[in-house]
Each structure stands twice: as structure tokens, then as C-alpha cells.
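Peer 1: Predicted model follows, preceded by the sequence.
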Amino acid sequence: MYRNEWDAAVARASALEQQLRDAQSGQQADAATIANLTQQLQQANAELARLRGQGGYGYPPPPPAYGYAGGYAGGYYPVPARGGTILVYGILSLVVCGILGPIAWSMGNEELRRIERGEVDPSTRGNVTAGRICGMIASILMIISLVAILFVFVLAAGASR
């Protein structure tokens with residue numbers, strides 16, 4: 001039915017999340033059912049974490065299925081997303097203050113690692129990537145301008161002799 005264990009585990013976790021949402025929305029207002037579904041969902045998430053770590057055949061595990069909340073019930077993630085902050089730092093580094101470029105670049109790298117580990121909402125990947133690229137560009141422009149200033153000082157020092 002499923003191509004591999006990963007697909008089966010993702011399907012099971014998605015089905016459990018839907019059942020839990022239905023139970024919590026009042027269609028089945030039974031506390032025992034909610035507790036049982038929560039426990040099953042935690043077990044399914046533990047299985048997904050195990051499968052995510054194993055990879056197999058030297059390849060990384062497949063990405064989670066559409067609509068799957070990255071292993072956290074209800075779409076809640078343990079680390080708040082910083083995509084907007086990174087994008088703002090990246091844009092400001094290009095327009096106002098170049099020193100924010102390396103900061104945006106570094107924060108973007110870390111945030112992408114967190115997204116890959118499933119700790120942060122993957123829907124912020126676009127903002128993170130855009131801010132990181134702006135930070136890279138600002139950093140490169142800052143390095144070029146520092147080299148140019150240094151070159152001008154060396155020429156000025158040589159001309160004054």
C-alpha cells in the first residue's frame with residue numbers, strides 16, 4: 001500500500017491528527033478519546049523522528065507530506081519562526097546599514113537548519129531565504145567597499161612620498 005515506512009508513518013500521523021482535531025472540535029467530546037489519540041499521535045511522531053534520523057541508503061529521508069505539521073501536534077513548533085526578522089535585517093543591510101548583512105546571513109543559515117530539523121514552521125522558508133540572500137549581497141558589497149577604501153589609502157600614502 002505504501003512505498004516505504006516513511007510514507008506509512010506520515011499517513012498514520014496525518015490520520016491521527018485529523019481524528020484528534022475532530023475530537024477536540026466537539027464532534028467527539030470524550031476526554032478519554034482525546035487522551036488516547038494524543039498518546040497515539042505522540043507514538044507516531046516518535047516513529048517519524050526515528051525514521052527521519054535513519055535516512056537509509058545514504059539518502060536523506062523524504063520530506064513530510066503536504067499538510068503534515070512537521071511532527072508537532074496541531075502545527076505548533078518548539079521554536080518561534082524568525083523569517084520576518086531575517087528578511088527585515090537583510091533588506092536593512094542593503095538599504096541602511098551594511099553591518100546587518102553578516103547578521104542576516106548567519107541568522108538565515110541557522111533558521112534553515114532549524115527548518116530542516118522540523119523545529120520551525122517550514123512556511124517561513126521563503127522569507128528566510130530572501131533575507132539570507134540580501135545579507136550575503138550586503139556582506140559581499142561591504143567587503144568590496146572595505147578593500148576599495150584600503151586600496152585608496154595605500155595609493156594616497158604612496159602618492160604623498
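Peer 2: Ah, there it is.
Peer 1: Tell me which residue is most central in this protein.
Peer 2: residue 115 (2.1 Å; Cα atoms, centre = their mean).
Peer 1: Which helix or which strand is home to that one?
Peer 2: Assessed by DSSP states H and E, residue 115 sits inside helix 100-117.
Peer 1: And that helix, what's buried?
Peer 2: 100-105, 107-108, 111-112, 114-115 (16 or more other Cβ atoms under 10 Å). For the C-beta atoms, the positions are set from N, CA and C on the backbone; glycine is no exception.
Peer 1: In what element of secondary structure is residue 46 found?
Peer 2: Following DSSP H and E, one finds residue 46 within helix 31-54.
Peer 1: Against which helices or strands is that helix packed?
Peer 2: Packed against helix 31-54 by the contact rule (3 or more Cβ pairs under 8 Å, 6 or more residues apart in numbering; DSSP states H and E) you find helix 5-24.
Peer 1: Show me this protein divided up by domain.
Peer 2: Using automatic domain parsing, the domains assigned to the chain come out as 5-75, 83-159.
Peer 1: In the chain, where is pLDDT below threshold?
Peer 2: Low-confidence segments of the chain (pLDDT under 70): 1-4, 6, 26-30, 52-76.
Peer 1: could you redo the last one with a cut-off of 50?
Peer 2: Counting by pLDDT under 50, the ranges of the chain that qualify are 1-2, 55-59, 65-69.
Peer 1: Would you tell me which helix is longest in this structure?
Peer 2: For the chain, the helix that runs over the most residues, judged by DSSP state H, is helix 125-159.
Peer 1: I appreciate the help and will end here.
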